[in-house]
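J.: predicted model and sequence follow; I will ask about them next.
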Protein chains: 2
Amino acid sequence: MARRESTPTTPGSRAVVVDLIRSPGPISRVELTAATGLTQPSISLIVRKLLSDGIVRETGLTASTGGKPRVLLEINGRALYGVGVQLGFESITLVATDVTGGVIGREQIDGAGLDKPEVVTQRIITAYHDFVRVLGIGTGTIAGVAVVAPGPIDQHDGVVLGPPTLRSWLDFGLRAALRAGIDVPVLVDNDAAAAAVGEFWSRRISRSSTFAGIYLGSGIGSGIVIDGALYRGHSSNAGEIGHISIEQDGVPCFCGNVGCLERYASPGAVVESARASAPDFAELGLAFEPTSVMRDFDLLCRAAVREVEPARALIETSAAQLASAAVTLSNLFDLDHIVLAGPGMAFAGSIYARAMRDRLARSAFSRRAHPIVVELSSNPRDSAAVGASALILQSTVAPGHGPLL
Amino acid sequence: MARRESTPTTPGSRAVVVDLIRSPGPISRVELTAATGLTQPSISLIVRKLLSDGIVRETGLTASTGGKPRVLLEINGRALYGVGVQLGFESITLVATDVTGGVIGREQIDGAGLDKPEVVTQRIITAYHDFVRVLGIGTGTIAGVAVVAPGPIDQHDGVVLGPPTLRSWLDFGLRAALRAGIDVPVLVDNDAAAAAVGEFWSRRISRSSTFAGIYLGSGIGSGIVIDGALYRGHSSNAGEIGHISIEQDGVPCFCGNVGCLERYASPGAVVESARASAPDFAELGLAFEPTSVMRDFDLLCRAAVREVEPARALIETSAAQLASAAVTLSNLFDLDHIVLAGPGMAFAGSIYARAMRDRLARSAFSRRAHPIVVELSSNPRDSAAVGASALILQSTVAPGHGPLL
């Protein structure tokens, strides 16, 4: 009769153990056993593998309290690095993080703009090699590179399916092209999903939370984390909050739906509204160029925070629309924790967060059962790149726990 | 060192094994091992427990193909029954099903109406005892009674939190009151969630499906089944599709939100629209009484199916609104399978299904990645009661696999 030789552990067990070791302060195997409910042999097995992978290290002994002193464990922050790349129309950001989630380097290069995908890919490959050389991290310690872009993405095949700002990328095999010039594992994913994972991981949010990261970039997206794992749905197209209808007879969207949130509340839609009454915004110096959408949006946000009209009204409207969509997201997933991320949150994130907190407190179906915490990313502009790095590290540190987490 | 004595199995393993044994045709232990990827000792352990619980029985041997003949297993349909009770304003339905999901009895009594919850509870208790006596099923074979009602429900404490049609039930401890008169386990749950589980179970939908049951009763709800388990969210308030906003500056809802789907597309809203131009509907004989909403809605649906205007236009509008909400649900969960259920689907379900299929094919974000199947419940009127019975049976047959499934 077949019989397993060792106590079986699931990939999820390893993720839980890594999370506990990542928590502030070193921890012993005995404490891990108590905290996880796993058996001692399971903990021993997982820890032995983490030690041999170099992800965890022994850091000393507990003070004697009469019994045998215990070996303490901690994350070996410098054992492994991830590189996250946020591919945008106006800029491309590279970030390197260690296993603790700390950012150890950042670089920004020209965005995709209207350049051919092949040209942009070569730019990313060159930038990647310069970046890791300057940081002095060797190939042996790089877990991989994750490139994230606005959806839709074919996450499995690493193909960008062409969001409106990256139309020429339709069906471009990004992962295959990157692999030709990068000698570590490469993955391609959705920017909003990556940002959600990054926020969940770096904030050490509890696995019992039902968590969403809402992402305001050139488009609007979200990632939902359930039981500590990114929720992907049937084809990795979950969380597309930018394409839920907020108006029955609303404007048509490139996606095929009508009245999509993105057509009203995204930076592009807000800047378009400003352009429709351009003289009212003359003093802000908006460029109204196809390549200046995020810069113009930043100017509007900075004016809104200073309570300059009519910029304030425009941003408040966008915030109210995003808040209403957050109620929808919450009423369907029954969330208890939301973080706002993405470059669109860089200047007026506080306005968006306040509008969302107020609306959820008034309108969420579950508000009498529990509060829904709304927080702002501590680094909204880089959140997708940082999240991308978290994705690649997690797929190494805790492989197999969900599609990537 | 502690060491598990037997090969560990999770509650999920038992659910997977039960699902396989429930599939058409008897199956052997060897085939179960191959199909599940579980070890032989795990399968032996699970099957031994299912045999001793009486849920599974041995049904003969495979024909000899040279090797040792194998013992075949099948579900013991008559070992255990569940009773589902759908608590509605206009009627209360009792249903009994066996472990295969087959309905073995049905009874309908007066609805809650404006009666006191204590009086209605007594009515349910009396009806339950009459029902099981007439059916001839003994207490020993009844897994339990599940009473389902429109949300919000406190599923954990078995309290009805007072939907608009059952306002006097606010905070009434339904489970406790029922327990006083019923000598088997009792649970209270949301009608839409129950219907979704019932459809998933009785249709033997694949565990790899991302499935939703959309429920049109006096309100509108949904239940989402992920990896074979009902998705509950942080406080069992997930899937509240009736309370997502479909109109930015829409009408206020009792729930605190504005522009809720339920305020436009529910039977009550549709009948209200008809009343606003009552003379146009004179020939249909609508009563326009508070207690006749579902009957009036049925009359409108029957007229719509016969293409009688303006009833047809009213129902088509409701169907278009529900279809738009289904796109939202799909874009957030990335669904691949939807079933329409609930008494509201009894007469014009085909209109709702067609509108939803067309809209999803045109507007769903994932439509290029995969189709989204839309089907109609084969028994939409009783789907919540049948689903309630499935809930209680599953909590017995496959306990611990998710909150109830």
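T.: Nice, I can see it.

J.: who's in contact with the residue nearest to A:Cys260 when sequence neighbours are not counted?
T.: Spatially, and ignoring its direct neighbours in sequence, A:Cys260 is nearest to A:Cys253 (3.9 Å; C-beta to C-beta, 6 or more residues apart in numbering or on different chains). (C-beta placed from N, C-alpha, C; glycine too.) If you count contacts by C-beta atoms under 8 Å, 6 or more residues apart in numbering or on different chains, A:Cys253 has them with A:243, A:259-260, A:262-263.

J.: just the buried residues out of those, in ChimeraX syntax.
T.: ChimeraX command restricting those to the buried ones, with burial defined by 16 or more other C-beta atoms under 10 Å in any protein chain shown:
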select /A:243,259,260,262,263
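
J.: what's the average pLDDT for the biggest helix by length in chain A?
T.: Scanning chain A for the longest helix, with DSSP state H as the assignment, gives helix A:311-333. Per-residue pLDDT over helix A:311-333 has a mean of 98.

J.: stretch A:366-373 too?
T.: Rounded mean pLDDT across stretch A:366-373 is 90.

J.: residue ranges with poor pLDDT in chain A?
T.: Filtered on pLDDT under 70, chain A yields the residue ranges A:1-12, A:24, A:64-65, A:162-163, A:398-405.

J.: domains of it?
T.: As given by automatic domain parsing, the domain ranges for chain A are A:11-75, A:79-196+A:384-397, A:206-378.

J.: near chain B, which residues of the stretch 101-250 of chain A?
T.: Residues of the stretch 101-250 of chain A found near chain B (C-beta under 8 Å from any C-beta of the partner chain) are A:152, A:154, A:161, A:209-210, A:224, A:226, A:231-241, A:243-248.

J.: report the buried members of those residues.
T.: Burial by neighbour count, 16+ other C-beta under 10 Å: within those this picks out A:152, A:154, A:161, A:209-210, A:224, A:226, A:231-241, A:243-248.

J.: from the residues you listed, which land in helices?
T.: Short answer: these have none in helices (DSSP H).

J.: in strands, which of these appear?
T.: Among these, the residues falling in strands (DSSP state E) are A:154, A:210, A:224, A:226.

J.: show me which pair in those residues is furthest apart.
T.: Maximum pairwise distance among those (C-beta to C-beta): 26.8 Å, between A:Asp154 and A:Thr210.

J.: OK, contacts around the most centrally placed residue in chain A?
T.: The geometric centre of chain A, computed from its C-alpha atoms, lies nearest to A:Ala195 (C-alpha atoms, centre = their mean), at 1.0 Å. Counting by C-beta under 8 Å, 6+ apart, A:Ala195 makes contact with A:213, A:215, A:223, A:341-342, A:377, A:383-384, A:386-387.

J.: what's the closest of these to chain B?
T.: A:Gly223 (11.2 Å; C-beta to the nearest C-beta).

J.: specify the beta-bridge partners of that closest one.
T.: Counting by DSSP bridges, A:Gly223 forms beta bridges with A:Gly213.

J.: that one: neighbouring residues, count only.
T.: Neighbourhood size, A:Gly223 [other C-beta atoms under 10 Å in any protein chain shown]: 31.

J.: so who does the closest residue to chain B within the stretch 101-250 of chain A touch?
T.: Of all residues in the stretch 101-250 of chain A, A:Gly233 sits closest to chain B, at 2.4 Å by C-beta to the nearest C-beta. Residues near A:Gly233 by C-beta under 8 Å, 6+ apart: A:239, B:210, B:333-335, B:366.

J.: tell me if I'm right that A:Pro310 and A:Ala282 touch.
T.: No - under the criterion of C-beta atoms under 8 Å, A:Pro310 is not in contact with A:Ala282, lying 11.6 Å apart.

J.: so which of those two has more stuff around it?
T.: Neighbours of A:Pro310 and A:Ala282, each counted by other C-beta under 10 Å, are more numerous for A:Pro310; the result is 17 against 8.

J.: quick one: that one from A:Ala346, how far?
T.: Between A:Pro310 and A:Ala346 the computed distance is 21 Å (C-beta to C-beta, to the nearest Å).

J.: check contacts around the residue nearest to A:Ser324 when sequence neighbours are not counted.
T.: If the residues on either side of it in the chain are set aside, A:Ser324 comes closest to B:Ser245, at 5.3 Å by C-beta to C-beta, 6+ apart. Applying C-beta under 8 Å, 6+ apart, we find B:Ser245 in contact with A:246, A:324, A:327-328, B:257-261.

J.: kindly recompute the last result at 7 Å.
T.: By C-beta atoms under 7 Å, 6 or more residues apart in numbering or on different chains, the contact list for B:Ser245 reads A:246, A:324, A:327-328, B:257-260.

J.: one more: A:Asp98?
T.: A:Asp98 touches A:77-78, A:81, A:104, counting by C-beta under 7 Å, 6+ apart.

J.: next, format the residues you listed as JSON lines and append neighbour count.
T.: Formatted as JSON lines, the contacts of A:Asp98 follow (neighbours: other C-beta atoms under 10 Å in any protein chain shown):
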{"residue": "A:Gly77", "neighbour count": "17"}
{"residue": "A:Arg78", "neighbour count": "14"}
{"residue": "A:Tyr81", "neighbour count": "24"}
{"residue": "A:Ile104", "neighbour count": "15"}
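
J.: now, those that are in helices?
T.: In helices, defined here by DSSP H, there are no members of these.

J.: let's have those in CSV, adding distance to B:Ala269.
T.: Below are the contacts of A:Asp98 laid out as CSV (distance: C-beta to C-beta, whole Å):
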residue, distance to B:Ala269
A:Gly77, 57
A:Arg78, 61
A:Tyr81, 56
A:Ile104, 56
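
J.: so which of these belong to strands?
T.: If you go by DSSP E, the contacts of A:Asp98 have A:81, A:104 in strands.

J.: closest one of the contacts of A:Cys253 to chain B?
T.: For these, the minimum distance to chain B (C-beta to the nearest C-beta) is 5.2 Å, reached by A:His243.

J.: was I right to think the closest one contacts A:Glu262?
T.: Yes - with contact defined as C-beta atoms under 7 Å, A:His243 counts as touching A:Glu262 (6.4 Å).

J.: re the thing from before, mind checking which of the contacts of A:Ala195 are buried?
T.: A:213, A:215, A:223, A:341-342, A:377, A:383-384, A:386-387.
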